[in-house]
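Colleague: this one's structure only:
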DNA sequence: GCAATTTGTTCAGTGGTTGAATTAAATGGG
DNA sequence: CCCATTTAATTCAACCACTGAACAAATTGC
């Protein structure tokens, strides 16, 4: 089994939308499964029929297929509501397909398994400074971690249907990592290096390995694996660089070339501090990790990137004046950039993730202040600023969740597998 | 026939996506019609079948329905290509349904009719300073203009299937114009005022009147009525305020509450000139019409808003130094804001529309300069900055085009009408 | 004139939804 | 305890729209 990369979200223009005979069932499988996934408590076949407009007969037939394919299970009877035959509740199966989420970052590797219900079933983290390690060696270690997670999943009766790898950098066509500055990677052909490693079972319609930006996958995690949230939000991953995942109307927006979310280089002081990107006054120079550490009187080189945020949070909790000022200034700069984004996109939620998550108590107030000062429509309806629900490891979880989401959105690929 | 407002792009969550028996034909009607609309030269039934994956038999049946419903017509035989029975080309009908586009702006009213092919069949403009006129009176005059356009359309055998009204302001639920500062409107219930005026024939699935922001409709015009363009772009309407219509992956993004596109209040100098919005250093204060006129030594009050841009263009063509400096500075400020947007959204095209369209020769170079300086990914693939293809009146045309687009995207509503 | 070729139509066959009738499983009143 | 009532889920004949193959139509080229 080879490892193939496939661009996410690209629909072939050739046969786009054509509805053939069998597509009817294919589409209705997805409709019913999505409804089960989105419901707050296990719905009955009758409720699904009433909600979708399909006949009870059709829903029964579709549900039979889903149960036979181990995507759905019948839950214990729901609490009595009144007269009549009791409904049998339907839930997503916890022993069917699962997604494998992987992450390479500056000072750790991670692998996790998420099942259909969105539960994180396994999670392994391997701490190590990966800057001096070659890409091939780093991916070797990652493959070992993945094999470990896979074995654990198989023991639970789960089938890994696909994998997603989060990297802190720009990803181009074919899973090529164009540039991951803090990792020191440039033009690394990840699928090529991992080729031949059996990470997952092949499933029609699910790419065996998707490589994506860390911020994008973290946003997907917030959307699919976290508690119910707004359909249009910005997830900010504050690391050394500042990336953002943009979710609009419930779908991740990747940009014309897949390079959206470069929040770190939004100008906040057009003729301010020079930036390594060639511009001046980029947000990264005011709210990036290095800038905040320097303003707080710490040197970023001394401590691993991952603990930098924790260190700052400790100092802030201890009311260290330099740290409090540094965080307030960073929050203001962040707020200026975010206010512009909110004015442009009319978002109702901003999520502080990555390294910003533990610092949210100090960053959120100045961000909110700038938003209410600068956003025209804030008067009519408020903008929520909150820390990421999944915390720092959300990229790997988000990647795994994006895999199971694909199955929910197009279950026929999985059903065709087991025959 | 009452006038009803309906929010664009909102799919009812209740029956979302359920595919019933008849939906099959409904969806395939749309697939085939879209293909005919998107084709560069009239495609044959066989070409459509090959392109969509449907059978020739199915395509024939679908096309028969479309021809019977006056949405499609057979074109004259295409030039010979070789052996075999010659194909009969299919084109969108020019005598079927059409859209009515309306616009209220500071110093003019406009009405236009666009047919299925995207051709502007009629266009009436009524110049008048509307700032001293009450909303009810302004809408009265607009209704008269609409009646005129309607009569002309009927003479051509066209049927008006829906109307869209562009206003320079924020539009809330129910077509309520929350705030149109330059018009002096606040909480104007447009559908209520126009209620009872027969603007269009009722067609299932097409709201009789959509009220929308001018920048949104202008972007839709660029997308649907202009020459083929990128699927992800920003259309900037530079008037007294600066609005933007955002098209992502071929669909207009309206925001969580429908208030996206407030480009004018993106901060470009966070502690710079105070703005009437309450913030400081908003783009509008550096690149808005009033700011540019003042920098060029002209007073905005003297001349109607519409001719201000033309006046500036004249002066620039005559190499007036103050005007050239003013435009260069405005372009730089615009470029700073746009660079941030492009970094965030990874757009490949920026369209200068509204009052910026005639000034594009002077504004585009500094915008391009800021983009190439500040956008990380500009090195890999360039960003196009160009004037709007439809020019200044694109909002009305875009509104009309958005109506016919609805018919192309869901023809069954129209077909159900004529029985 | 005839074979070759491509387009478009006809028609029996089939997959999947529909709607009504039927069975299943509970509650509650007499 | 029995039975009417109520709601859930299944069964089954009917029907709609697509499928695939065969056929008719229209043109080129030998």
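Modeller: Structure's in. What do you need? Computed from a predicted structure; not experimentally measured.

Colleague: from the stretch 251-400 of chain A, which residue is nearest to DNA strand D?
Modeller: residue A:251 (27.0 Å; C-beta to the nearest atom of the strand). Backbone N, C-alpha and C define where each C-beta goes, glycine included.

Colleague: and if you look at chain A?
Modeller: residue A:84 (2.2 Å).

Colleague: tell me the phi and psi of that residue?
Modeller: Residue A:84 adopts backbone torsions of phi 100, psi 160, taken as degrees, to the nearest 10.

Colleague: wait, what's in contact with the closest residue in space to residue A:372 that isn't next to it in sequence?
Modeller: Of all residues not flanking residue A:372 in the chain, residue A:378 sits nearest, at 5.0 Å (C-beta to C-beta, 6 or more residues apart in numbering or on different chains). Residues in contact with residue A:378 (C-beta atoms under 8 Å, 6 or more residues apart in numbering or on different chains) are A:342, A:371-372.

Colleague: which members of these occur in helices, if any?
Modeller: Assigned to helices by DSSP state H, the following of the contacts of residue A:378 qualify: A:342, A:371-372.

Colleague: what ranges does the stretch 301-419 of chain A have for its strands?
Modeller: For the stretch 301-419 of chain A, the strands defined by DSSP state E, counting those that start in this stretch occupy A:349-354, A:384-387.

Colleague: residue A:410 and residue B:102, how far apart?
Modeller: 41 Å (C-beta to C-beta, to the nearest Å).

Colleague: what about the two, which has more around it?
Modeller: residue B:102 (30 against 18; other C-beta atoms under 10 Å in any protein chain shown).

Colleague: what is the burial count for the closest residue to residue A:257 other than its chain neighbours?
Modeller: Spatial nearest neighbour of residue A:257, excluding adjacent residues (C-beta to C-beta, 6+ apart): residue B:346 at 5.7 Å. Residue B:346 is flanked by 25 other residues according to other C-beta under 10 Å.

Colleague: surely residue B:346 is in contact with residue B:375?
Modeller: No. Contact criterion C-beta atoms under 8 Å: residue B:346 and residue B:375 do not qualify, at 9.1 Å.

Colleague: which residues are in contact with each of those two?
Modeller: Common neighbours of residue B:346 and residue B:375 (C-beta under 8 Å, 6+ apart) are residue A:262.

Colleague: okay, now the residue of the stretch 251-400 of chain A closest to DNA strand D: neighbour count?
Modeller: 15.

Colleague: any idea how far residue A:224 is from it?
Modeller: For residue A:251 relative to residue A:224 (C-beta to C-beta), the value is 11 Å.

Colleague: related to what we said a few turns ago, list just the nearest of the contacts of residue A:378 to residue B:32.
Modeller: Using C-beta to C-beta, residue A:342 comes nearest to residue B:32 of the contacts of residue A:378, at 40.6 Å.

Colleague: contacting residues around that closest one?
Modeller: A:234, A:350, A:371, A:375, A:378, A:383.

Colleague: stretch A:272-283: how far from the chain's middle?
Modeller: Offset of stretch A:272-283 from its chain centre (C-alpha atoms, centre = their mean, to the nearest Å): 28 Å.

Colleague: buried ones in that stretch, by neighbour count?
Modeller: Neighbour counts over stretch A:272-283 (16 or more other C-beta atoms under 10 Å in any protein chain shown) mark A:272, A:275, A:277, A:279-283 as buried.

Colleague: ok, stretch A:120-134 next?
Modeller: Buried, per 16+ other C-beta under 10 Å, within stretch A:120-134: A:120-124, A:130, A:133.

Colleague: in the stretch 151-300 of chain A, which residue sits nearest DNA strand C?
Modeller: Counting by C-beta to the nearest atom of the strand, the stretch 151-300 of chain A gets nearest DNA strand C through residue A:204, at 15.5 Å.

Colleague: just the pLDDT at that residue, thanks.
Modeller: Per-residue confidence at residue A:204 stands at 91 (pLDDT).

Colleague: so it makes contact with residue A:410?
Modeller: No. Between residue A:204 and residue A:410 there is no contact, the gap being 9.2 Å when judged by C-beta under 8 Å.

Colleague: quick one, phi/psi of the residue nearest to residue A:257?
Modeller: According to degrees, to the nearest 10, residue B:346 has phi 50, psi 60.

Colleague: contacts only, for it.
Modeller: A:254-262, B:232, B:377 are the contacts of residue B:346 under C-beta under 8 Å, 6+ apart.

Colleague: kindly report the same for residue A:312.
Modeller: Per C-beta under 8 Å, 6+ apart, neighbours of residue A:312: A:292-293, A:296, A:298, A:323, A:326-327, A:358-359.

Colleague: which residue packs closest to the residue in the stretch 301-419 of chain A that DNA strand C sits nearest to, ignoring adjacent ones?
Modeller: Ranked by C-beta to the nearest atom of the strand, the top residue of the stretch 301-419 of chain A for proximity to DNA strand C is residue A:412, at 9.3 Å. Nearest residue to residue A:412, sequence neighbours excluded (C-beta to C-beta, 6+ apart): residue A:26, at 4.4 Å.

Colleague: and residue A:384, by the same measure?
Modeller: Nearest to residue A:384 is residue A:349, by C-beta to C-beta, 6+ apart, at 4.6 Å.

Colleague: same check on residue A:246?
Modeller: Per C-beta to C-beta, 6+ apart, closest to residue A:246 is residue A:253, 4.6 Å.

Colleague: give me the distance between the one you found and residue B:347.
Modeller: On the measure of C-beta to C-beta, residue A:253 and residue B:347 end up 11 Å apart.

Colleague: buried sites along stretch A:75-93?
Modeller: A:89-93.

Colleague: mind putting those residues into JSON lines with distance to residue B:387 and pLDDT?
Modeller: Formatted as JSON lines, the buried residues of stretch A:75-93 follow (distance: C-beta to C-beta, whole Å; pLDDT from 0 to 100):
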{"residue": "A:89", "distance to residue B:387": "58", "pLDDT": "92"}
{"residue": "A:90", "distance to residue B:387": "55", "pLDDT": "96"}
{"residue": "A:91", "distance to residue B:387": "55", "pLDDT": "96"}
{"residue": "A:92", "distance to residue B:387": "51", "pLDDT": "97"}
{"residue": "A:93", "distance to residue B:387": "55", "pLDDT": "96"}
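
Colleague: show me which residues of the stretch 1-150 of chain A sit near chain B.
Modeller: A:14-20, A:23-24, A:27-28, A:30-31, A:34, A:51-54 (C-beta under 8 Å from any C-beta of the partner chain).

Colleague: how about a cut-off of 7 Å?
Modeller: A:14-15, A:17-20, A:24, A:27-28, A:31, A:51-54 (C-beta under 7 Å from any C-beta of the partner chain).

Colleague: just the buried ones from those residues, in PyMOL syntax?
Modeller: To isolate the buried ones among those in PyMOL, judged by 16+ other C-beta under 10 Å, type:
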select buried, chain A and resi 17+18+19+24+27+28+31+51+52+53+54
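
Colleague: can you list which of the residues of the stretch 1-150 of chain A next to chain B are found in strands?
Modeller: Among the residues of the stretch 1-150 of chain A next to chain B, no member falls in strands (DSSP state E).

Colleague: next, give me the two most distant ones among the residues of the stretch 1-150 of chain A next to chain B.
Modeller: A:14 and A:51 (33.5 Å).

Colleague: give me the angle between the helix or strand of chain A with the lowest mean pLDDT and strand A:349-354.
Modeller: The helix or strand of chain A with the lowest confidence, counting by mean pLDDT, DSSP states H and E, is helix A:305-317 at a mean of 85. Taking axes from the mean of the first three to the mean of the last three C-alpha atoms, to 10 degrees, one finds helix A:305-317 and strand A:349-354 inclined to each other by 110 degrees.

Colleague: if we can go back for a sec, let me know the pLDDT of the residue of the stretch 301-419 of chain A closest to DNA strand C.
Modeller: 95.

Colleague: what's the answer for residue A:22, then?
Modeller: 84.

Colleague: what's the answer for residue A:393, then?
Modeller: 81.
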